[in-house]
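> 3D model of this:
(one chain, ligands or ions: 2)
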Amino acid sequence: MGRGIAVSLARVGISVIALESDKKLLEVSKQMIINMLERDAKRRGVSAPLDLLKFTLSLQDLKDVDLVIEAVFEDMALKRQIFQDLSNVCGPTTLLSTNTSGLDVDALAGMTDRPHLVAGMHFFSPAHVMKLLEVVCGPRSSSETIATVMSLGKRMGKVSVVVGNCPGFVGNRMLKPYLEEAAFLLEEGATPEQIDKALEDFGFAMGVFRMSDLAGLDVGWRVRKESGLTGVDVDQNNPPRQRQGRRYCPIPDMVCEQGRYGQKTGCGWYKYDKPGDTKAKPDLSIHNLLETYRRRYGITSRKVTNEEIVERCVFTLANEGFRILEDRIAARPEDIDVIYLFGYGFPSYRGGPMFYASTVGLERVLEKLEHYYNANPDVPHLEPSPLLKKLVVCGSPPLNKWREQINLHSHL
Ligand SMILES: CCCCCCCC(=O)CC(=O)SCCNC(=O)CCNC(=O)[C@H](O)C(C)(C)COP(=O)(O)OP(=O)(O)OC[C@H]1O[C@@H](n2cnc3c(N)ncnc32)[C@H](O)[C@@H]1OP(=O)(O)O
Ligand SMILES: NC(=O)C1=CN([C@@H]2O[C@H](COP(=O)(O)OP(=O)(O)OC[C@H]3O[C@@H](n4cnc5c(N)ncnc54)[C@H](O)[C@@H]3O)[C@@H](O)[C@H]2O)C=CC1
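Ligands and ions are numbered 1, 2, ... in the order given. You can find the predicted model right below:
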């Protein structure tokens, strides 16, 4: 369905056909969309554009649309099937886009008879509020497709950034190690509240656990299951807290196994008065889970400082940002900063993770990463990236000169 996306389109005058697979869910979603649009219209002193919306359970109703934004579960097999069906149902010039959080956009394009008309349109939760739109340019997306999607993003009042196609694109590729680092801090003795407070004091709109509860913990769980990190495919011979040769923290999986998916189920890293509520309250059962876990693995809980939390989480973000630049998935460091400022509530006065790294001093960031990597040699995301090292060797040039140290053969 993609309720927030439907709202973002209708409120700028674009007609929407919203599709669901289940009748009951369709009714619930319809009511939520109407409520959101009415609240928005009241604030702006206009009438709610309810006549622009049509709700359906039939894919056939999409046959005459100009553009589709697919937003079904993060399940590659399901998305492949949907893209094949869309290709059959929609007219030959219909653009087909996906809101996937990080799956292969080109593989989805390959399911259609028009791979040049396929691109990623990655919105951020809550989609009717967050300004960012990541526009994922696959190797076969045409320039016209990307230009059309960028112009639609502009009409929707979004800040759109073109990125390349790799797992997680830019934003979630950086989010993955950031989430992992936060989970390691839990193992070592911190609580979700402490980590969130440290990050919110740093200036994030939401700490990592509140943000995860908002987005839904099941999205990442599905991704980890598909990558064989958890679930039935896991090799039982793994040493404890190790997967695929690296340190792995199974606590997020354990939380999901209890049906705790975040705000939408009324509990996740926090508890909520009821499903859908947004006010996060500390939950004793998570504290108990952490204590039991540490006992089971013989981990002596230690006092983790707020400084360590911020350094390990934020420098990890920037480190992956450097790798993204090297891989030419983002065209420039400023694009990465825009993504974090408008998509993830990074503190604007700190300028984004890459600008922040430059203000801290690249030499210091490198030193800190080396320190944490030496202490955790089985955590590859803490290993300083080659580009960061190169920039330090070159005397830490300002951000707008970093591109000179990167091979610029990107198609972005
Ligand atoms: C590798 C694995 C990857 C797995 C993850 C996949 C997910 C993805 O693909 C990418 C993602 O989306 S990650 C999530 C990114 N979003 C964020 O980081 C949100 C950060 N938070 C914020 O910016 C503000 O707190 C926020 C804007 C939310 C609220 O700010 P304020 O408190 O100033 O806002 P208000 O003025 O009170 O409200 C404005 C509108 O926002 C709604 N809202 C507030 N808190 C919310 C919450 N916790 N959950 C849902 N909606 C919320 C609020 O209802 C209001 O809505 P409207 O009245 O309809 O306008
Ligand atoms: N939750 C988040 O913060 C974000 C999620 N996304 C992406 O958006 C997509 C959806 O994620 P969520 O909204 O979190 O999931 P969700 O589980 O809340 O919603 C998925 C919806 O898809 C519907 N659906 C399933 N099969 C369908 C079908 N065959 N036809 C029509 N509708 C069908 C379900 O009934 C459900 O309403 C995923 O690809 C996810 O990665 C992207 C950005 C942010």
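> Could you use CA atoms for every contact and neighbour count after this?
Fine.
> mind checking the SS state of Lys274?
coil (DSSP: H, G, I helix; E, B strand; the rest coil).
> count of neighbours near Tyr220?
Just so we're on the same page, residue 220 is Gly rather than Tyr. Gly220: 21 surrounding residues under other Cα atoms under 10 Å.
> ignore the last one, Val46
Residues near Val46, counting by other Cα under 10 Å: 10.
> swap in the one 10 residues further on?
Counted with other Cα under 10 Å, the neighbours of Thr56 add up to 19.
> correct me, but it touches Val16?
No - at 10.6 Å, Thr56 and Val16 do not qualify as touching, with contact defined as Cα atoms under 8 Å.
> Could you double-check that Val310 lies in contact with Asp201?
No - checked against Cα under 8 Å, the pair Val310 and Asp201 is beyond contact range at 9.5 Å.
> So for those two, which residue has more residues nearby?
Val310 (19 against 15).
> Show me which residues of the stretch 51-200 of the chain sit near ligand 1.
101, 124-126, 129, 172, 175-176 (Cα under 6 Å from any ligand atom).
> ok, and of those residues, which contact ligand 2?
101, 124-125.
> now, which of the residues you listed sits nearest Phe83?
Distances from Phe83 to those, taken as Cα to Cα, are shortest for Ser101 (16.0 Å).
> What helix or strand is that closest one located in?
Following DSSP states H and E, there is no helix or strand that holds Ser101.
> Show me which residues of this protein sit near ligand 2.
1-2, 19-21, 71-74, 99-101, 122-125, 215-216, 219.
> what residue ranges in this structure score low on pLDDT?
Scanning the chain for pLDDT under 70 picks out 407-412.
> what domains does the record give for it?
If you go by automatic domain parsing, the domain ranges for the chain are 2-164, 190-297, 306-409.
> tell me the contacts of the residue most central in space within the chain?
In the chain, the residue lying closest to the centroid (Cα atoms, centre = their mean) is Asn172, at 3.9 Å. Asn172 makes contact with 101-102, according to Cα atoms under 8 Å, 6 or more residues apart in numbering.
> roughly how far out does the helix or strand harbouring it sit from the chain middle?
Element membership for Asn172 (DSSP H and E) is helix 171-188. Chain-centre distance of helix 171-188: 12 Å, with Cα atoms, centre = their mean, to the nearest Å.
> Contacts for the strand or helix carrying Leu289 next, please.
Leu289 belongs to helix 284-296 when elements are defined using DSSP H and E. Outside helix 284-296, the residues that touch it by Cα under 8 Å, 6+ apart are 186-187, 191, 251, 269-270, 300-301.
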